[in-house]
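Participant: Below are the sequence and a predicted model for it; my questions follow.
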Amino acid sequence: MKPLYLEMNAFGPYARRQVIDFRRLEDHKLFLIYGPTGAGKTTVLDAMCYALYGETSGNRRSGAHMRSEYASPEEETYVVFAFAIGPARYCVERRPEQQIAKKRGTGLKKSAASAALYAVDEKGEKTAVIATKKVGEEVERLLGFKAEQFRQVVLLPQGDFRRLLLASSADRQQIMQTLFHTQRYARLQELAKEKYDDILSQYDLRKERIAQLLQSLGAGDAAALTAMEQAADEEQRLRQGELDAAIADRDVYQKTVQDAQVVYSHWQNLKESRRLRDQLRQQETAMAEKQAYIDVLRRAQLLAEPCRQLDEIQAQGVAAGQKAGEAAVQAERALQRLQAVRKEAEVLQAQGTAHDADARQLVLLQNMAKKAEQYGELCRRARKLADQSRHADEILAALQQEREALQARIDAGRAEVANQPELAAAWEQAKGQAAAWEERLSREASIESLSEEIAQRDTACRAVEDTCSRAAAGAAQAQLDYEGVQALFLQGQAALLAKELKAGEPCPVCGATEHPMPAPLAAHMPRKEDVEARKRQVQQRDEERRQAELTLQRVQAECQSLKRQRDDLRAQYPFECTSAQWRVRLDAQKQKVSLLGEQAARAERTRAAVTQWEMKQKEGIQKEEQARQQAEAARLAAAQSQLAKKQAEADVPAEYRDAAVLRRHMADLSQRVKAYEEQAERSRKAVVDAEKEAARWTEQERLLQEQVTALRKQYKEYAADLKDRVRQAGIESLQQCRELQPFVGSIDREQQAVDEYNRDVQQIQGRIAQEEKAVATQPEPDMAVYKAQLDEKNKLCQRLSESCAAAAIRRQELCRGREQIAAWQGEQAELSARYEAVGSIYELISGQHTGVNFERYVLGALLDEVLAAANARLDLMSRRRYELQRSRSWDDKRVRRIGLDIEVFDNYTGYARPANTLSGGETFLASLALALGLADVVQAYSGGIHLDTIFIDEGFGTLDGETLDFALKALMELKQGGRLVGIISHVPELKERIDARLAVHKTDRGSTADFELP
């Protein structure tokens, strides 16, 4: 992680907006942050840590407590921090919860905390939103460590500088796990343990299942289970024989029971038939009576039609009597209505004189109506002609006004278009000037764009040159390493040959028989694979160097090409002003062109309008002349109409001149005359209708009375004849014959019941004879005895079947148990083979014998590399006195299990001691060396974690002058690796020796900060 840009507002002692642009440092990789106590030096680190994690550098104050006491209520507290991780650039913005002034009204409002993480480009422009929630977690993912670890390896706060050196073994393990991602080794151990435990669990599970199965089967072991299976098989065969014999005996007896059941069924049918015969005999008398009743009904059925005719004659007589009574009532009512209408006719006849007077008046008014209509038409025509004359005068006046207005507009338009040619020429000239300036702007912008791209290519060229230098150095170093390893390998091969030499035997290389100085065998001898690996590394470094040189040549060629393009354009277009200034000129000229264009267009529109107005004026003059003629004709017609009206008034009286009033009066008279005539006609017609109605009902009453007399005579004669026929049919009376008629319809149903009875008697007698023949002399069997004996035999078969099935199930159960145990024992054998391989691997990587597991072993090796890198600097800073090493005092089992404790070896005394026994200055040097060594190793091992920066807050004040020189010399060497080192200190010597400085100034209105660069 490398800082790029830090912006603070109302944060800590900085009352207003404070920007710290680390990009200004450029090649200055070591810089000093200095200023008076309390000015805000540590606040710079607090702001970076707060922006990333929401915590301050020492984690002693929250973001809400970092609001500046100097800030006004209107100032908002926030921090913006831009940083780079390799080629990627990011920006994080964070605001704490705070009380700020309301934008509207008075008072304060509570502003909630917020944070956001963005991806940005090289210019700092935001290109994507990465997170607005859980920003701290996203930062942890990008940087590779949490806030606590960030304060231990990157940002070393005041008072906490020694924490990495003096941390416990467990804390140091957490830091290194995060930085080197060694959790995968622990995960490997966990996977091996899971596999190890799974195999043991599976083996024990099968062992437990075998024991449970043997216990459930009642066997002590597998041999006993086999013997039990053989005994169960013999028991099953014995039970099956007993079952077969019992089933055969049961089947023979079941045939006997079936024969007895047939005889028993015939006896039951015979008993039932005799019972039914007795029941039918009890119904014999009732059936005879029913047959006699049916015969009487048949005779009554023959007299049904005469009885119906007699009833019909009686009904006709009753109906005729009722109608005769109704006719008498209607005749009386008709005579009463006749008297009433005759009286109404006499009253109406007395009103005839008034009706005649109304009729004469109506004729007189009808003769006057035509003249009144003519007079009304003359009045309407006079009014219409007067309106037309007035309207014609108004049209004439309007046309005169329109002609005058058009003349005024024509005069104004001619004056406006007088300068149209000059305006069009000025517009064309302005457009030409704008086009020329637009071309000039495009060329100047191209030149500036090329200049910016050339500057970027120059920067890229310098970066590629650095890459070439590093690649060349790497290739040279790889060649030296290869040659050294190859020399050691050849020396080792010679030592191996020398080891096989014997006195008196020739050397396979030189042939000598004496070997006074055989090559010694080194403690560490590289293998051929090591030599080949170094050789491949040399080839790889050479290829990297060659690719870097090709890239440099390509970038330089592109840069030269861009410069030639820019110089050619500049020669063609000499510099007058910048593209921005050309843009201002062009915008002003375009506004002028637009204004002139609008004026020219407006003049053209006016000229066209004047032409149209002149044509319209000519048409208006013609319309005006026509309107004048029409007005004179209208005035003449109106005068003639008034004269005709006065002549008509002499023929029509004043009271009849209003045709509407006359028509209403005529309508009233006509209605009265018509109403009288209609009423007289209705009265005459009513008298005639009443006379006809009275005569009709009187005649109808007479005819109905004659019909009633005739029907009475017919009924008496027909009734006497019918009584004789009833007595002849054997029926007591005519009344009884009529009473039997409703039951005639049931003759067929009653006869069917008698016939069914006779058929049942015949069927029962035949069935009794058949069953008596089937039974013959056989006695009725006792089926209960037969059934009881058959049930006993079935129960015996059931018991034997269940016993046989139980024996078969027991045999199958024992067989399946034996097969299952054999399968489990086979699986146990496979698990045992797998356990030998997996178990040995797990015991090795879990450290069951050594006490150090795989992850701790890797962490220990990594810590050794970190300590080696740290000692390279501590050796210089301590003047070869101190070395950091892992603690080897394993009397404490906890130390041995973790193995990451650090102790200091003192070359002066020859003894190692704990790191916490060092003095303040010695602790500072050791902590600084450890932090730098850790950064070197992490950078070399991990591509995901970039320790490009380290900040050190205080600690240099504990060093003497000579030690300070050594410490600064070690820090100066970091420039070669491109790492940025920031130091916060009050030591005056540092200000003199470090030329790149961030000065923090303290005032009574808050602090400010700015860079001091050489």
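Facilitator: The structure has been received and is ready for your questions.
Participant: any idea how far Ala823 is from Gly86?
Facilitator: 58 Å (Cβ to Cβ, to the nearest Å). Yep, even glycine has a C-beta here, placed from its N, CA and C like the rest.
Participant: could you point out which element follows the helix or strand where Ser442 lies?
Facilitator: Using DSSP states H and E, the element containing Ser442 is helix 420-500. Remark: after helix 420-500, the chain's next helix or strand is helix 528-572, criterion DSSP H and E.
Participant: Packing partners of that following helix?
Facilitator: The contact analysis (3 or more Cβ pairs under 8 Å, 6 or more residues apart in numbering; DSSP states H and E) places helix 528-572 against helix 420-500.
Participant: tell me the angle the helix it packs on makes with helix 528-572.
Facilitator: 160 degrees (axes from the mean of the first three to the mean of the last three Cα atoms, to 10 degrees).
Participant: now helix 420-500: mean pLDDT?
Facilitator: Over the span of helix 420-500, the pLDDT mean works out to 79.
Participant: what distance separates that helix from the middle of the whole chain?
Facilitator: 47 Å (Cα atoms, centre = their mean, to the nearest Å).
Participant: again with stretch 806-817
Facilitator: Taking mean C-alpha positions (Cα atoms, centre = their mean), stretch 806-817 and its chain are 59 Å apart.
Participant: what comes into contact with that stretch?
Facilitator: Identification of contacts with stretch 806-817 by Cβ atoms under 8 Å, 6 or more residues apart in numbering yields Leu213, Leu214, Leu217, Ala219, Leu225, Met228, Glu229, Ala232, Asp233, Glu235, Gln236, Arg239.
Participant: Report pLDDT for the second one.
Facilitator: So that's Leu214. pLDDT, Leu214: 80.
Participant: Also the fifth one?
Facilitator: The pLDDT attached to Leu225 in the predicted structure is 77.
Participant: can you check the fourth one too?
Facilitator: The pLDDT attached to Ala219 in the predicted structure is 79.
Participant: now it, what's its secondary structure?
Facilitator: coil (DSSP: H, G, I helix; E, B strand; the rest coil).
Participant: My guess is it contacts Met228. True?
Facilitator: Yes - here Ala219 reaches Met228: they are 5.8 Å apart, a contact under Cβ atoms under 8 Å.
Participant: and the contacts of stretch 806-817, which are buried?
Facilitator: Buried by 16 or more other Cβ atoms under 10 Å: Leu213, Leu214, Leu217, Ala219, Leu225, Met228, Glu229, Ala232, Glu235, Gln236, Arg239, out of the contacts of stretch 806-817.
Participant: Could you identify the helix or strand that succeeds the worst-scoring helix or strand of the chain on mean pLDDT?
Facilitator: Taking mean pLDDT, DSSP states H and E as the measure, the helix or strand of the chain with the lowest value is helix 893-898, at a mean of 46. Sequence-wise, the next helix or strand downstream of helix 893-898 (DSSP H and E) is strand 902-906.
Participant: what lines up beside that next one in the sheet?
Facilitator: Strand 902-906 pairs in its sheet with strand 882-886 (antiparallel), strand 911-914 (antiparallel), by DSSP bridges.
Participant: So which of these is the most surrounded?
Facilitator: strand 882-886 (a mean of 19; mean count of other Cβ atoms under 10 Å).
Participant: Check the offset of that strand from the chain's centre.
Facilitator: With Cα atoms, centre = their mean, you get 60 Å for strand 882-886.
Participant: Please enumerate residues in contact with that strand?
Facilitator: Contacts of strand 882-886 (Cβ under 8 Å, 6+ apart): 860, 863-864, 867, 870-871, 874-875, 899-907, 912, 915, 918, 922, 925-926, 929-930.
Participant: Go again with 7 Å.
Facilitator: 860, 863-864, 867, 870-871, 874, 899, 901-907, 912, 922, 926, 930 (Cβ atoms under 7 Å, 6 or more residues apart in numbering).
Participant: and these, which are buried?
Facilitator: 863, 867, 870-871, 874, 899, 901-904, 906, 922, 926, 930.
Participant: Greatest separation within those: which pair is it?
Facilitator: The most widely separated members of the buried ones among the contacts of strand 882-886, counting by Cβ to Cβ, are Gly899 and Glu922 (24.3 Å).
Participant: circling back to that earlier point, secondary structure and distance to Arg1005 added to the contacts of stretch 806-817, as TSV?
Facilitator: Shown next, in TSV, are those (DSSP: H, G, I helix; E, B strand; the rest coil; distance: Cβ to Cβ, whole Å):
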residue	secondary structure	distance to Arg1005
Leu213	helix	90
Leu214	helix	92
Leu217	helix	95
Ala219	coil	97
Leu225	helix	98
Met228	helix	102
Glu229	helix	102
Ala232	helix	105
Asp233	helix	108
Glu235	helix	110
Gln236	helix	109
Arg239	helix	112
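Participant: nearest to Tyr842, of the residues you listed?
Facilitator: Leu213 (30.3 Å).
Participant: Pretty sure the closest one sits against Glu819.
Facilitator: No - using Cβ atoms under 7 Å, Leu213 makes no contact with Glu819, being 10.8 Å away.
Participant: Just give me how far stretch 409-419 sits from the chain centre.
Facilitator: 69 Å.
Participant: Next: stretch 819-826.
Facilitator: The answer for stretch 819-826 is 53 Å, by Cα atoms, centre = their mean.
Participant: quick one: contacts of that stretch?
Facilitator: Arg206, Arg209, Ile210, Leu213, Ala222.
Participant: could you redo the last one with a cut-off of 8 Å?
Facilitator: Under Cβ under 8 Å, 6+ apart, the answer for stretch 819-826 is Arg206, Arg209, Ile210, Leu213, Leu214, Ala222, Leu225.
Participant: if I look at the residue of the chain most remote from its centre, how far off is Arg298?
Facilitator: In terms of distance from the mean C-alpha position of the chain, Asp724 ranks first, at 105.9 Å (Cα atoms, centre = their mean). Asp724 sits 20 Å away from Arg298, going by Cβ to Cβ.
Participant: same thing with Ser733?
Facilitator: From Ser733 to Arg298 the distance is 18 Å (Cβ to Cβ).
Participant: likewise Leu188?
Facilitator: Leu188 is 118 Å from Arg298, by Cβ to Cβ.
Participant: Who has more neighbours out of those two?
Facilitator: More crowded of Leu188 and Arg298, by other Cβ atoms under 10 Å: Leu188, with 15 against 12.
Participant: list the contacts for the more buried one?
Facilitator: Ile845, Phe854.
Participant: Where does it sit: helix, strand or coil?
Facilitator: helix.
Participant: That one and Thr182, how far apart?
Facilitator: As judged by Cβ to Cβ, Leu188 and Thr182 stand 10 Å apart.
Participant: swap in Ala315?
Facilitator: For Ala315, the distance to Thr182 - Cβ to Cβ - is 126 Å.
Participant: just checking, Trp437 touches Trp582?
Facilitator: Yes - with contact defined as Cβ under 8 Å, Trp437 and Trp582 form a contacting pair (6.5 Å).
Participant: now stretch 96-112: how far from the chain's centre is it?
Facilitator: On Cα atoms, centre = their mean, the centre of stretch 96-112 falls 36 Å from the chain's centre.
Participant: in it, what's buried?
Facilitator: Buried-residue list, stretch 96-112, by 16+ other Cβ under 10 Å: Pro96, Gln98, Ile100.
Participant: mind listing the helices for the stretch 201-350 of the chain?
Facilitator: All helices of the stretch 201-350 of the chain, identified by DSSP state H, counting those that start in this stretch, fall at 222-281, 284-302, 304-349.
Participant: So what angle separates the directions of the longest one and helix 284-302?
Facilitator: When you say that, I think you mean helix 222-281. 60 degrees.
Participant: Residue numbering should commence at 64 henceforth.
Facilitator: Sure, I'll start numbering at 64, so the last one becomes helix 285-344.
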